[in-house]
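Chemist: what follows is a predicted structure for the sequence shown.
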Amino acid sequence: MMANPLYDRLFGRHAGNAATFLHLPGNQSLSHDAFLRLAARYAHAFRAAGLGPGDRLAMQVEKSPAALAVYAAAVQAGIVFLPLNTAYTAQELRYFVTDSGAKLLLCDPARAEALRPVAEDAGAAMLTLGADGQGTLPEAASAQPESFGTTPRDADDLAAFLYTSGTTGRSKGAMLTQANLLSNAEVLVDYWRFTGDDVLLHALPIFHTHGLFVATNVMLLAGGSMIFLPKFDTDQVIAQLPRATAMMGVPTFYTRLLDDPRFTRDLVSHMRLFISGSAPLLADTHAAFEARTGHRILERYGMTETNMNTSNPYEGERRAGTVGFPLPGVELRITDPETGEARPQGEVGMIEVRGPNVFKGYWNMPEKTAQELRETGFFITGDLGVIDARGYVSIVGRAKDLIISGGYNIYPKEIEMLLDAQPGVLESAVVGVPHPDFGEAVLGFLVPEKGATPDLETIAAAVGAALARFKHPRKLIVLDELPRNTMGKVQKNVLRAEYAGLFTGG
Ligand code: MLC
Ligand code: AMP
């Protein structure tokens with residue numbers, strides 16, 4: 001048995017390897033070995049800060065090689081890694097740090113002042129790390145040894161907490177084990193044929209499943225390298241594509257590239273693979289991409305709680321508008337959302353999945369866990385789907401009230417609770433409508449209290465102070481009343497239909 005399966009398989013195997021792991025802006029690079037030595041120093045610094053195996057480390061820092069080394073350090077030291085969206089406000093962070101019982105909050109030096117009360121109130125220590133590699137973590141780590149005795153872990157031990165918002169407005173910490181992450185990475189390397197010769201263009205954030213686990217774990221396991229960009233920037237991506245063999249992205253990446261005349265067949269004729277996920281890729285985008293480049297984007301489907309569930313085939317037909325087949329080891333069934341009974345092939349229903357990829361449950365929420373994770377091991381995804389005669393899975397809707405904007409999940413409930421609490425507001429509804437860049441955009445509807453005229457600017461400011469920018473309604477619209485069905489339930493579909501053309505001009 002291995003001492004720490006995730007560390008050994010993803011990281012430890014590269015010890016002493018002088019080959020490039022990360023290609024960085026300005027013709028800089030970082031070797032596997034230098035990356036691991038940095039991670040070891042961080043692991044010592046975390047121990048010195050009082051973090052033991054199983055403790056949570058919350059991190060909100062800009063994407064950088066050092067930030068990725070924090071992930072490696074946490075795995076090596078048996079610390080549970082909890083990365084957080086850099087867009088989150090102090091108020092949002094307070095919940096995550098407190099709820100997770102994090103022992104350390106690692107943040108950007110520029111935010112240290114604002115976040116100190118958050119750490120103090122939660123009883124967490126605080127260290128800083130800037131995008132330039134500066135901060136109190138690097139200072140504390142500089143005198144530490146460059147090797148660290150890897151902490152033994154079992155495959156079933158927790159490796160990461162990733163928070164996902166909930167339909168009740170309260171975020172849930174999805175507990176992911178070493179085996180969850182490792183099993184999925186192993187399957188994906190094989191399914192997508194990644195090897196040590198691959199150079200992945202990495203422009204995703206590293207605080208979500210897509211950029212952290214799908215992209216990074218796969219490349220670590222395959223032994224390839226990554227062009228590690230701070231964020232998706234069309235100019236940068238076009239400049240770097242000639243050096244890459246593969247790219248992973250959310251659909252917005254692909255629509256932005258298609259909008260640029262420099263993105264040509266010649267530019268990417270050498271590429272091996274383009275993968276899309278985290279949000280629906282429109283069949284039109286798929287077709288336009290093929291017409292422009294000759295490549296068929298490979299679409300796959302996953303979630304925070306399950307890692308990747310399905311994928312279109314590497315060889316064989318990549319069918320536009322489908323998310324392909326269940327991955328090896330993953331069972332997928334379609335059930336009646338009310339009764340949970342399995343439905344026959346060809347019928348629409350709830351997608352449920354089971355396999356080594358499925359998480360252990362929600363942190364400190366046994367009831368939520370029991371509602372979504374069956375005793376049989378099947379996880380109820382909240383996505384509605386259908387399986388066609390050839391076995392391809394399509395996602396046709398969502399049973400959960402969720403908006404996906406540019407690959408970020410937004411739960412209307414969280415915004416509605418805030419809007420409802422504003423002066424002069426009787427009630428509200430938040431929906432997603434088609435958006436040419438983000439796929440969906442957030443719209444907020446307000447019904448004033450009798451005789452009141454809510455001040456939209458004040459309300460927008462309150463939303464701005466509380467919630468990350470990507471969750472803000474792009475527009476607030478005042479209505480006399482919300483459309484309701486005979487049962488009194490708000491008909492969000494009516495609002496969606498009425499405002500469907502707001503951003504697309506339809
Ligand atoms: C940024 N903004 C967004 C936004 N991203 N608004 C809505 N939705 C988003 N996704 C805000 C900015 O703050 C800015 O506000 C304005 O919109 C315009 O910003 P921009 O410069 O155009 O955005 P940019 O910084 O380029 O970011 C867009 C993006 C980014 C698409 C590149 O959002 C992104 O990297 N998304 C990837 C998300 C991801 O990794 N998802 C994986 C989840 S894992 P202002 O102030 O200018 O008005 C998962 C499981 C799975 O789902 O299956 O993979
Ligand atoms: P998250 O909770 O951020 O992990 O988001 C997971 C959700 O993203 C899933 O439940 C789906 O609704 C959605 N999703 C992921 N990949 C796809 C895809 N290829 N097509 C449609 N929806 C997707």
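Modeler: Here it is on my side, so go on. Ligands and ions are numbered 1, 2, ... in the order given.
Chemist: use CA for all of it now, contacts and neighbours both
Modeler: Noted.
Chemist: secondary structure class for whichever residue of the stretch 1-150 of the chain sits closest to ligand 1?
Modeler: For the stretch 1-150 of the chain, the residue closest to ligand 1 is Ala87, as judged by CA to the nearest ligand atom, at 7.4 Å. Following DSSP: H, G, I helix; E, B strand; the rest coil, the label given to Ala87 is coil.
Chemist: what's around the nearest residue to it once chain neighbours are set aside, how many residues?
Modeler: Nearest residue to Ala87, sequence neighbours excluded (CA to CA, 6 or more residues apart in numbering): Ala468, at 5.1 Å. Using other CA atoms under 10 Å, the number of residues around Ala468 comes to 17.
Chemist: in contact with Ala468, which residues?
Modeler: The contact partners of Ala468, taken as CA atoms under 8 Å, 6 or more residues apart in numbering, are Ala87, Tyr88, Thr89, Glu92.
Chemist: surely Pro152 meets Asp8?
Modeler: No. Judged on CA atoms under 8 Å, Pro152 makes no contact with Asp8 at a distance of 10.1 Å.
Chemist: which SSE is Ile351 in?
Modeler: For Ile351, the element it lies in under DSSP states H and E is strand 349-354.
Chemist: pairing partners for that strand, with directions?
Modeler: strand 331-335 (antiparallel), strand 379-387 (antiparallel) (DSSP bridges).
Chemist: quick one: the residue nearest to the spatial centre of the chain and Arg193, what's the gap?
Modeler: The centroid of the chain falls nearest to His208 when counting by CA atoms, centre = their mean (2.9 Å). Using CA to CA, to the nearest Å, His208 is found at 23 Å from Arg193.
Chemist: if we can go back for a sec, contacts only, for the residue of the stretch 1-150 of the chain closest to ligand 1.
Modeler: Ala468, Arg469, Phe470.
Chemist: if we can go back for a sec, ok, the strand holding Ile351 near ligand 2 or not?
Modeler: No. Against ligand 2, strand 349-354 shows no contacts by CA under 6 Å from any ligand atom, the least distance being 9.4 Å.
Chemist: need the contact partners of that strand.
Modeler: Contact with strand 349-354 is made by 309, 330-337, 343, 377-386, 399, as judged by CA under 8 Å, 6+ apart.
Chemist: so among those residues, which ones count as buried?
Modeler: 309, 330-335, 337, 343, 377-386 (16 or more other CA atoms under 10 Å).
Chemist: please enumerate the strands of the stretch 151-300 of the chain.
Modeler: Ranges of strands in the stretch 151-300 of the chain, per DSSP state E, counting those that start in this stretch, are 158-164, 172-177, 199-202, 225-228, 246-249, 273-276, 298-303.
Chemist: the one residue in the stretch 401-506 of the chain that gets nearest to ligand 2 - how many residues pack around it?
Modeler: Of the residues in the stretch 401-506 of the chain, the one nearest ligand 2 is Asn409, at a distance of 5.2 Å by CA to the nearest ligand atom. Neighbour count of Asn409, defined by other CA under 10 Å: 17.
Chemist: and Gly397, by the same measure?
Modeler: Neighbours around Gly397, by other CA under 10 Å: 15.
Chemist: that's a strand at it, yeah?
Modeler: Yes. Counting by three-state DSSP, Gly397 is located in a strand.
Chemist: could you give the bridge partners of it?
Modeler: Here Gly397, judged by DSSP bridges, has bridge partners Leu384.
Chemist: could you list the contact residues of the stretch 101-250 of the chain toward ligand 1?
Modeler: Counting by CA under 6 Å from any ligand atom, the stretch 101-250 of the chain sits next to ligand 1 at Leu204, Pro205, His208, Thr209, His210, Gly211, Phe232, Val250.
Chemist: nearest to Val358 among these?
Modeler: Thr209 (12.9 Å; CA to CA).
Chemist: quick one, grab the pLDDT at the residue lying closest to that closest one once chain neighbours are set aside.
Modeler: Excluding the flanking residues, the one nearest Thr209 by CA to CA, 6+ apart is Thr304, at 5.8 Å. Predicted confidence (pLDDT) at Thr304: the value is 97.
Chemist: ok, now which ones touch Thr304?
Modeler: Leu162, Thr164, Ala174, His208, Thr209.
Chemist: put together a markdown table for the contacts of Ala468, with distance to Ser428 and pLDDT on each row.
Modeler: Output for these, formatted as a markdown table (distance: CA to CA, whole Å; pLDDT from 0 to 100):
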| residue | distance to Ser428 | pLDDT |
| --- | --- | --- |
| Ala87 | 24 | 97 |
| Tyr88 | 23 | 97 |
| Thr89 | 22 | 97 |
| Glu92 | 21 | 95 |
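Chemist: reformat the residues you listed as a markdown table; add distance to Leu257.
Modeler: What follows is the contacts of Ala468, written out as a markdown table (distance: CA to CA, whole Å):
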| residue | distance to Leu257 |
| --- | --- |
| Ala87 | 24 |
| Tyr88 | 27 |
| Thr89 | 30 |
| Glu92 | 32 |
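Chemist: between all of those, which two are separated the most?
Modeler: It's Ala87 and Glu92 that sit farthest apart of those, by CA to CA, at 9.6 Å.
Chemist: in the stretch 151-300 of the chain, which spans are helices?
Modeler: In the stretch 151-300 of the chain, the helices defined using DSSP state H, counting those that start in this stretch lie at 178-191, 209, 218-222, 234-240, 251-258, 265-268, 283-293.
Chemist: so for Asp197, which of these sits nearest?
Modeler: helix 218-222 (8.6 Å).
Chemist: residues in contact with stretch 147-164?
Modeler: Looking at what lies outside stretch 147-164 - CA under 8 Å, 6+ apart - the contacts are 3-7, 37, 40-41, 43-44, 53-54, 75-84, 96, 171-179, 208, 304.
Chemist: buried sites along that stretch?
Modeler: 147-148, 150-155, 157-164.
Chemist: okay, now Leu38: neighbour count?
Modeler: Neighbours of Leu38 (other CA under 10 Å): 23.
Chemist: give me the element it is part of.
Modeler: Using DSSP H and E, Leu38 falls in helix 32-48.
Chemist: buried stuff in that helix?
Modeler: For helix 32-48, burial by neighbour count (16+ other CA under 10 Å) applies to 32-46.
Chemist: stretch 454-473 now?
Modeler: Buried, per 16+ other CA under 10 Å, within stretch 454-473: Pro454, Ile459, Ala460, Val463, Ala466, Leu467, Ala468, Phe470, Lys471, His472, Pro473.
Chemist: hmm, that stretch touching ligand 2?
Modeler: No. Judged by CA under 6 Å from any ligand atom, stretch 454-473 stays clear of ligand 2, getting no closer than 13.4 Å.
Chemist: ligand 1 contacts on the stretch 251-400 of the chain?
Modeler: Counting by CA under 6 Å from any ligand atom, the stretch 251-400 of the chain comes close to ligand 1 at Thr252, Gly277, Ser278, Tyr301, Gly302, Met303, Thr304.
Chemist: nice, that's everything, thank you.
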